[in-house]
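Colleague: need a 3D model of the following:
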Amino acid sequence: GLAPELCLIGEPSGADALTLGYKGRVLFDATLRQPGGHSAGPVGSVAERACRWWGHVERHADAFNEGVDPLFDRLMPSLRSIATSSDGLYDEARLTCGFRLPPAFDVDALERALRSFDEEVALVRYGEEPAWADGRSSPWARAFTRAWRKRGATPRFKRKTGTSDLNVLGPAWRCPIAAYGPGDSTLDHTPEERIEVAELLRAVEVLEDALAEVGAARVGAIENT
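Modeller: Next up, the predicted model:
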């Protein structure tokens, strides 16, 4: 299909920063099931079994991250939900686990590890998106740098631990891609999420200049062909 020459996504980065990359993500639903038993009996509860399984997950991530300094290059697990149920005969524990992924991460190997922590665990894998990042020499980075310096601001570039449309469009379109917008991304999806009007107006001016820079560079490239 058609793909653009450049892509800029609207996401909060702060008016004086540009996001060049996002970590990847994958989700797993894990289910553990066992015959019911008395709490005073020799077999532990399915809830305890689920906690042991999650402990293995955390230790696996710790081992992967040993000696890795940049947060962007770390494997970051999160336990999103855990619940137990029983039909009177069998007990179940259901966990939803999320993983923020570093670049070029082997998700198949991660799934094999998760299965090895309990041979009876049932896994459903979904929501998989690779990490994606562009460099500081990209057309967007150069254009925004000029726009900020015009206003006396120091260029700042970010690689975030979350995910966005960039993770989907980057691998699909493989064009220079970045994310920009006013606002504090640490407030995303919280009751405190907001944008200051002064920052919004500043970001509009910066964006206008950056788009003009990119457009002029593109026109120059066409004229020189």
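Colleague: relative to residue 11, how far out is residue 123?
Modeller: From residue 123 across to residue 11, the span is 31 Å (C-beta to C-beta, to the nearest Å). From N, CA and C alone the C-beta is placed, and that goes for glycine too.
Colleague: more neighbours, these two?
Modeller: residue 11 (19 against 13; other C-beta atoms under 10 Å).
Colleague: quick check: the closest residue to the more buried one other than its chain neighbours vs residue 113, distance?
Modeller: Distance criterion C-beta to C-beta, 6 or more residues apart in numbering; nearest residue to residue 11, sequence neighbours excluded, is residue 179 at 4.0 Å. Counting by C-beta to C-beta, the separation of residue 179 from residue 113 is 31 Å.
Colleague: those two - which one has more neighbours?
Modeller: Comparing residue 179 with residue 113 by other C-beta under 10 Å, the one with more neighbours is residue 179, at 24 against 16.
Colleague: what's the closest non-adjacent residue to residue 91?
Modeller: Residue nearest to residue 91 in three dimensions, not counting chain neighbours: residue 46, with 4.2 Å by C-beta to C-beta, 6+ apart.
Colleague: doesn't residue 34 make contact with that neighbour?
Modeller: Yes. Contact criterion C-beta atoms under 8 Å: residue 46 and residue 34 qualify, at 5.3 Å.
Colleague: give me the residues contacting stretch 155-175.
Modeller: 3-7, 9, 11, 13-14, 16-25, 71-72, 76, 100, 129-134, 136, 141, 144-145, 148-149, 177-179, 185, 188 (C-beta atoms under 8 Å, 6 or more residues apart in numbering).
Colleague: what does stretch 102-118 give?
Modeller: Contacts for stretch 102-118 (C-beta under 8 Å, 6+ apart): 23-24, 26, 28, 30, 32, 49, 52-53, 56-57, 60, 68, 72-75, 97, 99, 101, 121, 123, 125, 128, 130-133.
Colleague: what's the end-to-end length of stretch 115-127?
Modeller: 18 Å (C-alpha to C-alpha, to the nearest Å).
Colleague: sec struct for residue 166, please.
Modeller: helix (DSSP: H, G, I helix; E, B strand; the rest coil).
Colleague: what do you get for residue 16?
Modeller: coil.
Colleague: give the contact list for residue 3.
Modeller: 172-175.
Colleague: mind doing that once more with 7 Å?
Modeller: 173, 175 (C-beta atoms under 7 Å, 6 or more residues apart in numbering).
Colleague: just say helix, strand or coil for it.
Modeller: coil.
Colleague: pull the longest helix from this structure.
Modeller: helix 197-223 (DSSP state H).
Colleague: tell me how far that helix is from the chain's mean position?
Modeller: Distance, stretch centre to chain centre, for helix 197-223: 27 Å (C-alpha atoms, centre = their mean, to the nearest Å).
Colleague: how about that helix: buried residues?
Modeller: By neighbour count with 16 or more other C-beta atoms under 10 Å, helix 197-223 contains the buried residues 199, 202-203, 206-207, 209-210, 213-214.
Colleague: swap in stretch 160-168?
Modeller: 160-161, 163-164, 166-167.
Colleague: return the alpha-carbon coordinates of it using CSV.
Modeller: Coordinates of each C-alpha in stretch 160-168 appear next as CSV, following Å, rounded to 0.1, in the frame of the first residue of the first chain:
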residue,chain,number,x,y,z
LYS,A,160,9.9,6.3,26.0
THR,A,161,9.0,3.1,27.9
GLY,A,162,5.4,3.1,26.7
THR,A,163,4.0,2.4,23.2
SER,A,164,2.1,4.5,20.7
ASP,A,165,1.0,4.5,17.0
LEU,A,166,4.7,4.8,16.2
ASN,A,167,5.2,1.2,17.1
VAL,A,168,2.6,0.2,14.5
